Structure formats: structure tokens, C-alpha cells
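**Student:** Predicted model follows, preceded by the sequence.
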Amino acid sequence: MVRELANLAKLPSNTNLVRYFHCHLDEDGTTGGFRQPGRLYIVTEFINGDQLCSAVGTKHATETILGWAEGLFNGLAAMHAISMWHRDLHGGNVLIERTPASSALATGTDAIKVLDVGMARIQEENVPRAISIQGGAQSYFSRSRRAAQTFDDYDDVWAAACLLAELSARATIQHESTFGDAGVDFSMDFKDAERAAFVRRCGGSGSRLQELVGAVLLHPEADRDCKRAEQMKALAWSLARRGRS
């Protein structure tokens, strides 16, 4: 909890990151209806939206997913600019706002909100380092993180690409092969063929969504580009406008 408060206080102002206002320690148990002395309240902006994972399985327009992608990578790029790595990105930690008028999911880049930075860390320098695989959503671990070899801001981008692949292919990525046809397992066993097959499901051959997620999931991990989130944000922007031209 202390780490999350510190991380929230350090989050940069960005339309795709949850806004933190303040915290309140209820020492005598008089706040709200809990009547629990010592309870800590964290006050953030109210977001009227759904978890990104709840949108998987529903067909969304290519432009909608590309807009969400740009917002997701924009939020991550803002975190990475201060050397903060999220380390626990999954579909429950990203919200998609709803439109006030119809309650439908909003379609613009501003609709995405990244939250839950309890596992995030600010690094003194943005270089790969070893990390335990005990924490975090293992379905979205890169091969290097799965092997407890290295972790850096690139792994946040990998997890984001997994989420976008799920939205595009309308299927979940899981690390338990016993789940059968409900999911696709390419994270546990590092199977390149399965990962490539899943990317191909993201809209068909030559599609913009396939190009977007393939830029990360089919990219050699040894080539861990600096400012990868910024590059992916620019790619999502470019692909969205390619379809409008």
C-alpha cells in the first residue's frame, strides 16, 4: 500500500493514466460505513468504464482498437518517461471509459485509463534487470520474463500488445494449456509458431491490427528498443490514419 501511494503521487499528468488526488487515514473509524479504525482511503478520479478484459470476445472496429492502442501506449510512454515500469499490466488494470449519453464504450484515444500501480517501480536507470516471476499476470509475460532473465519497460509493451491481440482476435491468452479452445497458450512454452498463429488471427493477412501486435509479439526480444512505448504509440497513430486515407 505504501508503494502504491508513492507511485500514485509520482504518476505524471496524462489523460491515459488514472489521476490521484489524496489519501485519508481514518484513525478513529468514523469515515464511511466501515467503522474500521486505521483504514486507509485512496482518492482517485472516478472513471465510468469497464475493464478492458470485459471487451474481449466482442467485435470492435479496427479504428476503435487502434485508438485504444494509441491511448494505452501513450499512458505507458508517460510512465516510462520517468523510468516507472508498471510490471502488472493486464486486462483488469486497464479501463475503457463509457460515453455519458449511451453508456457504450468510448472509442477515442482518451477512453483508455491505466491504473493499479501497486507493483510499479521507478528505476534509477532504464536498463534490463532480473525479476521474479512470482508476481504479475503470467499470461502476459514475455519469454525473457517467464525465464526470470530480464525485465524492463519493453515488458510493459509486450503485455499491452497481448491485450490488443486479445481484443483483435476475440480470444484470450492463457498460460494453462488445459483451458483448451477457450484460450491460446504461447507464453508458457515459448512456442513461436503458436504466437505467430495467434497474431494471424488479428484481422487476417495484411491487416493493420496484425501489423500492430506483430510489431511486438513477433519482434526479436534481444532487440529491446529504447522508448518502445513511444514507437508503438506512433505506429498505432499511423495505422489509424492509413485506414482513413
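**Tutor:** Happy to help now that I have it. Residues are numbered from 1 along each chain as shown.
**Student:** What ranges does the protein have for its helices?
**Tutor:** 2-10, 62-81, 143-146, 153-169, 192-200, 208-217, 228-244 (DSSP state H).
**Student:** Sort out which residues of the first one are buried, please.
**Tutor:** When you say that, I think you mean helix 2-10. Neighbour-count burial for helix 2-10, with 16 or more other Cβ atoms under 10 Å as criterion, is recorded at Glu4, Leu5, Asn7, Leu8. No exception for glycine: its C-beta is placed from N, CA and C like everyone else's.
**Student:** which among the residues you listed gets closest to Asp156?
**Tutor:** Distances from Asp156 to the buried residues of helix 2-10, taken as Cβ to Cβ, are shortest for Asn7 (13.6 Å).
**Student:** right, and that closest one touches Leu115 too?
**Tutor:** No - applying Cβ atoms under 8 Å as the test, Asn7 and Leu115 come out as separate, 10.9 Å apart.
**Student:** Apart from its chain neighbours, what residue comes closest to His80?
**Tutor:** Asp153 (4.4 Å; Cβ to Cβ, 6 or more residues apart in numbering).
**Student:** partners of Met84 in the sheet?
**Tutor:** Judged by DSSP bridges, the bridge partners of Met84 are Ile122.
**Student:** pLDDT weak spots in the protein?
**Tutor:** Counting by pLDDT under 70, the chain shows low-confidence ranges at 1-2, 29-35, 125-136, 146-149, 174-191, 204-206, 221-226, 244-245.
**Student:** which residue packs closest to the residue in it sticking out farthest from the centre, ignoring adjacent ones?
**Tutor:** Distance from the centre of the chain peaks at Asp28, with 37.5 Å (Cα atoms, centre = their mean). Using Cβ to Cβ, 6+ apart and skipping the chain neighbours, the partner closest in space to Asp28 is Pro37 (5.7 Å).
**Student:** what do you get for Gly91?
**Tutor:** Cys53 (2.8 Å).
**Student:** Can you get me a residue count around the one you found?
**Tutor:** 16 (other Cβ atoms under 10 Å).
**Student:** Thought Leu89 was touching it, still the case?
**Tutor:** No - Cys53 lies out of contact with Leu89 (Cβ under 8 Å); the separation is 11.5 Å.
**Student:** pretty sure Gly118 contacts Asp88?
**Tutor:** Yes - using Cβ under 8 Å, Gly118 makes contact with Asp88 at a distance of 7.2 Å.
**Student:** can you count the residues close to Ala81?
**Tutor:** 15.
**Student:** now Ile112
**Tutor:** Neighbours around Ile112, by other Cβ under 10 Å: 25.
**Student:** now do Pro12
**Tutor:** Count around Pro12 with other Cβ under 10 Å applied: 12.
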